[in-house]
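In: Pasted the sequence and its predicted model underneath.
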Amino acid sequence: MKMISQTFLVLCICFLSVAFAASEITPHKYTDAERQNGGPKYDIPSSSRFTTKRIGADPPDIVYYFSKPSKDKFPIAVLVSGSSLEDDITSIIHFHRYFLKEFLDLGVGVVTVEQQGVDGNQVNTKEFMEHYTRSNRLSDHRAVIEHLKKHPPLGWNGKLIFLGVSEGGPIVTTLTTEYSDITFATINWSGSGDFSWRDELWTFMQDMIQNAPWYVKFRAQLPSWMTYSLDCDFLKSRKDYENVMDEIIKNPTTNFKLAGMTYKYHHDALIVYPKTEYRKIKTPYLVVSGVKDSIIDSSDAFVQKAKETGEPITYMRIADMDHYVSKKEAVIMDS
């Protein structure tokens, strides 16, 4: 009878261990092929999915994901991904899983925030595009952080780490300045820039036109996510480009696009999204930029301005890298 009880106990422990593991988000580094096809299909554990109200906005609620490390006391890393295109909208869960192992190995929790219109495998493209701006992403991350502060996860030490990639870069910069009292450190991959959006976008478009002529030749055979920056390659004149920018400011609509993004998105990036307040960067801040990236001059200006005001900036300027840090495993680990 005693042996049966012990066997039963062992079986229960094994069952509970498996059930607990299944209830946690699992790490996974998706391939380019998976990403181009909507990301790997994944059923998000309900125990890792949370919601909170939007600040000053009507429903739906914000959806966010949280992974807890094994340590008793830990900081939380808020990971903010790059931009999206209308036919390339996927859940933030893939980004969450991509870097999850590295943070868990360091004893750091991970939080990611879905954009409006996305809830795991469910994507409402119309709702997404109508609300897709940098400012809305910033507002949603603020709301989640405020929710965490009011309802802290068990074991959280109250400190935040920020990691932003590309479009996520400006967002983590702003969050760093707004939450300097609880920020531990910030990593910005290919997203630190001091130039205006008007200048950065122009440089980006011209770089694609001049340095990737094969895109023009074969773009009819390529998926739109690879060719969106050439949709307006007729804007070879800066004057024509400036005229379009001026029209965007007058008409911030979602009905028209430039370089794959709505006029509403560009309007927000041009005149709504807050400027960087360098003097409010009080904690270690890592800038990683590729010399082959079109934003390298803007990134250099960001670092120079931050250093002039005495901010704690470290700069990794990678000679053989373009915009995509994910291709450089060594750079990720060094970061």
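Out: Good, I have the coordinates.

In: So which residues of this protein form helices?
Out: When assigned using DSSP state H, the helices of the chain occupy the ranges 2-22, 32-36, 93-98, 100-105, 125-131, 134-150, 168-178, 197-211, 213-218, 224-227, 238-250, 263-267, 296-308, 329-334.

In: Would you mind measuring from the residue nearest to Gly193 when sequence neighbours are not counted to Ala306?
Out: Using CB to CB, 6 or more residues apart in numbering and skipping the chain neighbours, the partner closest in space to Gly193 is Ser298 (3.6 Å). Any C-beta I mention is one placed from the backbone N, CA and C, and that applies to glycine too. When distance is defined by CB to CB, to the nearest Å, Ser298 is 13 Å away from Ala306.

In: same check, this time on Leu104
Out: 30 Å.

In: same thing with Val123?
Out: On the measure of CB to CB, Val123 and Ala306 end up 37 Å apart.

In: More neighbours: which of those two?
Out: Just comparing Val123 and Ala306: by other CB atoms under 10 Å the higher neighbour count belongs to Ala306, 22 against 16.

In: Would you agree the more buried one is in contact with Ile313?
Out: Yes. Contact status for Ala306 versus Ile313: in contact at 4.4 Å, counting by CB atoms under 8 Å.

In: what touches both of those two?
Out: Residues touching both Ala306 and Ile313 comprise 281, 285, with contact defined as CB atoms under 8 Å, 6 or more residues apart in numbering.

In: Please list the residues outside stretch 56-69 that contact it.
Out: Under the criterion CB under 8 Å, 6+ apart, external residues in contact with stretch 56-69 comprise 24-25, 44, 48-54, 74, 76, 92-93, 96, 100, 103-104, 106-114, 116, 118-120, 139-140, 143-144, 153, 155.

In: Which of those fall in strands?
Out: Here DSSP state E is the test, and the contacts of stretch 56-69 give 49-52, 74, 76, 109-113, 118-119 as lying in strands.

In: and which of these is nearest to Met205?
Out: Set against Met205, the nearest of the ones in strands among the contacts of stretch 56-69 by CB to CB is Val118 (27.0 Å).

In: show me the contacts for that closest one.
Out: Taking CB under 8 Å, 6+ apart as the criterion, Val118 is in contact with 63, 89-92, 124, 128.

In: Tell me what it is bridged to.
Out: Per DSSP bridges, residues listed as beta-bridge partners of Val118: Val123.

In: Got phi/psi on the residue nearest to the spatial centre of the chain?
Out: Taking CA atoms, centre = their mean, the centroid of the chain lies closest to Ser81, which sits 1.5 Å from it. Recorded main-chain torsions at Ser81 are phi -80, psi 180, according to degrees, to the nearest 10.

In: per-residue confidence at it?
Out: In the prediction, the pLDDT value recorded for Ser81 is 97.

In: how near is the nearest residue to it once chain neighbours are set aside to Glu114?
Out: Spatially, and ignoring its direct neighbours in sequence, Ser81 is nearest to Phe95 (4.2 Å; CB to CB, 6+ apart). As for Phe95, its distance to Glu114 is 11 Å (criterion: CB to CB).

In: Relative to Thr31, how far out is the residue nearest to Ser81?
Out: Using CB to CB, Phe95 is found at 14 Å from Thr31.

In: Which one's more surrounded, those two?
Out: For the pair Phe95 and Thr31, the greater number of neighbours falls to Phe95 (24 against 10), based on other CB under 10 Å.

In: re earlier: name only those of the contacts of Val118 that count as buried.
Out: For these, a neighbour count by 16 or more other CB atoms under 10 Å gives the buried set as 63, 89-92, 128.

In: can you list the weak-confidence ranges in the stretch 1-150 of the chain?
Out: Along the stretch 1-150 of the chain, segments meeting pLDDT under 70 span 1-22, 38, 57.

In: surely Thr183 meets Val172?
Out: No. Here Thr183 lies out of contact with Val172, judged by CB under 8 Å, at a distance of 9.5 Å.

In: Counting neighbours, go ahead and name the busier of these two.
Out: Under the neighbour definition other CB under 10 Å, Thr183 and Val172 were set side by side, and Val172 has more, 28 against 23.

In: Report the contact partners of the nearest residue to the more buried one once chain neighbours are set aside.
Out: Of all residues beyond its chain neighbours, the one nearest Val172 is Gly164 (3.3 Å), with distances taken as CB to CB, 6+ apart. Shown in contact with Gly164 (CB under 8 Å, 6+ apart): 79-80, 170-173, 186-189, 191.

In: Look up the residues forming beta bridges with Gly164.
Out: The partner list for Gly164 in beta bridges (DSSP bridges) reads Val80, Asn188.
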